[in-house]
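[1] Here is the input, now give the coordinates:
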Amino acid sequence: MLKVENLTIGYGDRPLVRDISFEMAPGECILLAGANGTGKTTLLRTLAAEASVTLIPTNIPKVKGFSGGSFILTGCYRESDWRGRISEEVAMRMEEAMEVLGIQELKGRDISTLSDGEFKKACLAVGLTRRAKVLLLDEPTAFLDVENRISVLRTLREVARKTGTAVLFSSHDLHDALPVVDRVFVLTRDGRFLASGPDDKETVLEEAFPTL
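    Sure thing, here's the model as predicted:
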């Protein structure tokens, strides 16, 4: 699905983390944790260069005048023809994505009227419509209230299970995210990359954040 070997990330000539190596399997949901400035966003943007990977934008504005369906299809511009037209196949994939996410009723609603949690799910639908093998999300639960935060995290888990898509997302909401993920990746302040298995998620977090 996605295999990374000996990757180094950083800013210009300043490396942040060296020797990042991991594999993601179909249907896995993985949390990327780390303090601010350790390279989480940089890692996600680097991984997004892979053809089979889609980085889902989660901090874009809810611009008035776009319906939920139009917003999702606008995010699939790469699959439109030279006139901007979407094929019936892509439109059908959007319907399937909205059904998986349980947001069919948002198709005709103006996105400016959506809650933050609903809008995050509409953003997810873009990646599912494009049939990405791996979805990357940078802080998808940021600024959400508890109810919407839990709803989005559970949706990420369900998307991975139902579609076989691998999901990697960064978050500071460790306690809420841990129950829904299969594994944990951590970028530490001293430039290490830590990866848990399914049974030692808490151990890896304790090693990275001893005061947690």
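[2] Please tell me how far the spatially closest residue to Arg131 that is not a sequence neighbour sits from Leu128.
    Closest residue to Arg131 apart from its sequence neighbours, by C-beta to C-beta, 6 or more residues apart in numbering: Arg93 at 6.5 Å. (Each C-beta comes from the backbone N, C-alpha and C, glycine too.) Distance of Arg93 to Leu128, given as C-beta to C-beta, to the nearest Å: 8 Å.
[3] More neighbours: these two, which one.
    Between Arg93 and Leu128, counted using other C-beta atoms under 10 Å, Leu128 has the larger neighbour count: 24 against 20.
[4] Am I right that that one is in contact with Glu99?
    No - counting by C-beta atoms under 8 Å, Leu128 does not reach Glu99; the two are 10.0 Å apart.
[5] Let me see the contact set for Leu128.
    Shown in contact with Leu128 (C-beta atoms under 8 Å, 6 or more residues apart in numbering): Arg93, Glu96, Ala97, Val100, Leu101, Leu135, Val159, Thr163, Thr165.
[6] pull the CA atoms of the top helix by length along the chain into PDB?
    If you go by DSSP state H, the chain has its longest helix at helix 146-163. Extracted C-alpha coordinates of helix 146-163, given in PDB (Å, rounded to 0.1, in the frame of the first residue of the first chain):
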ATOM      1  CA  VAL A 146     -16.000  17.000  21.800                       C
ATOM      2  CA  GLU A 147     -19.000  15.600  20.000                       C
ATOM      3  CA  ASN A 148     -17.700  16.500  16.500                       C
ATOM      4  CA  ARG A 149     -14.200  15.400  17.400                       C
ATOM      5  CA  ILE A 150     -15.300  11.900  18.400                       C
ATOM      6  CA  SER A 151     -17.600  11.700  15.400                       C
ATOM      7  CA  VAL A 152     -14.700  12.500  12.900                       C
ATOM      8  CA  LEU A 153     -12.300  10.100  14.600                       C
ATOM      9  CA  ARG A 154     -14.800   7.300  14.400                       C
ATOM     10  CA  THR A 155     -15.500   8.200  10.800                       C
ATOM     11  CA  LEU A 156     -11.800   7.800  10.000                       C
ATOM     12  CA  ARG A 157     -11.800   4.400  11.500                       C
ATOM     13  CA  GLU A 158     -15.000   3.300   9.600                       C
ATOM     14  CA  VAL A 159     -13.600   4.700   6.300                       C
ATOM     15  CA  ALA A 160     -10.500   2.500   6.700                       C
ATOM     16  CA  ARG A 161     -12.500  -0.600   7.600                       C
ATOM     17  CA  LYS A 162     -15.200  -0.200   5.000                       C
ATOM     18  CA  THR A 163     -13.100   0.900   2.000                       C
END
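[7] Alright, I will stop here.
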